[in-house]
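Enquirer: let me see the structure of the following:
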Amino acid sequence: MASHRADDLKSLRRTDALRASPRMFESDLLDRLSRVHPAVPPIMFVPVIVALFVDGLVQGSGALTPVWVLGGYLFWTLTEYWLHRIVFHFEPENGIGARVHWIIHGVHHDHPNDPLRLVMPPAVSIPLAAIFVLIFYLVLGTPAFLPFGAGFLTGYLVYDMIHYYVHHHRPKTALGRRLRELHMRHHFQNHDLAYGVSSPFWDRVFGTAATQSGKRSS
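Expert: Just a heads-up that it's a prediction; the model follows:
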């Protein structure tokens, strides 16, 4: 009986450690801004997505609108993969680089179940979204950049919601269970594999798909 209680206590301590992340900043304001409720991204980005889509129609995107939306969504999935692989997992050993890595992604790997550090803070997501939409404007022009941007931001929002969901819920569908399994392998088996959270097919394309052994799939 005592051994069972000890095991339960160890499990509880591990769960608490995975859930509760420490302060990131000495400033109360900055630390508060680093913690985000999962409802915040939909509240912020759904109106923006709708506005981009509707404005695209008004500006004359016409019959190509679904093509541009799909293109933007697919471009997000590729961005998600490489952002996670190259930026989030660039891990300097010390100095300011190590500190920046910990703030951007390291804290999530140390405390993956903290519900307030699973979606991207608006202080980061809004400037990044603005930069990407500006790039789309410069490259694609009007009106194509509008539905393309809507598709891209939809992809980002889907990613953020899936990321929260697989950490805090038990999916009922086969797809949901598979996404959760792959992301848990990334966290607890081999963080050099399974970078695609919402779009794991890119892991197969670029040779970083995970197997049950935690090794690269052939």
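Enquirer: run through the residues that contact the residue lying closest to residue 81 once chain neighbours are set aside.
Expert: Excluding the flanking residues, the one nearest residue 81 by Cβ to Cβ, 6 or more residues apart in numbering is residue 202, at 4.1 Å. No exception for glycine: its C-beta is placed from N, CA and C like everyone else's. By Cβ atoms under 8 Å, 6 or more residues apart in numbering, the contact list for residue 202 reads 77-78, 81, 195-196.
Enquirer: residue 202: which element?
Expert: Element membership of residue 202, judged by DSSP states H and E, is helix 201-205.
Enquirer: got the buried residues for that helix?
Expert: 202-203 (16 or more other Cβ atoms under 10 Å).
Enquirer: residue 81 and residue 204 touch, don't they?
Expert: No - counting by Cβ atoms under 8 Å, residue 81 stays clear of residue 204, with 10.8 Å between them.
Enquirer: now do the helices in the chain.
Expert: 2-19, 28-33, 40-59, 65-82, 95-101, 107-110, 122-140, 145-168, 174-188, 201-205 (DSSP state H).
Enquirer: hey, C-alpha coordinates of stretch 183-191 in CSV?
Expert: Extracted C-alpha coordinates of stretch 183-191, given in CSV (Å, rounded to 0.1, in the frame of the first residue of the first chain):
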residue,chain,number,x,y,z
HIS,A,183,3.1,15.1,-31.0
MET,A,184,3.6,13.2,-27.7
ARG,A,185,6.4,11.3,-29.4
HIS,A,186,8.0,14.6,-30.3
HIS,A,187,7.8,15.7,-26.7
PHE,A,188,8.6,12.5,-24.8
GLN,A,189,10.5,10.3,-27.2
ASN,A,190,12.6,12.3,-29.7
HIS,A,191,12.3,16.0,-30.2
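Enquirer: model confidence over that stretch, on average?
Expert: Averaging pLDDT along stretch 183-191 gives 87.
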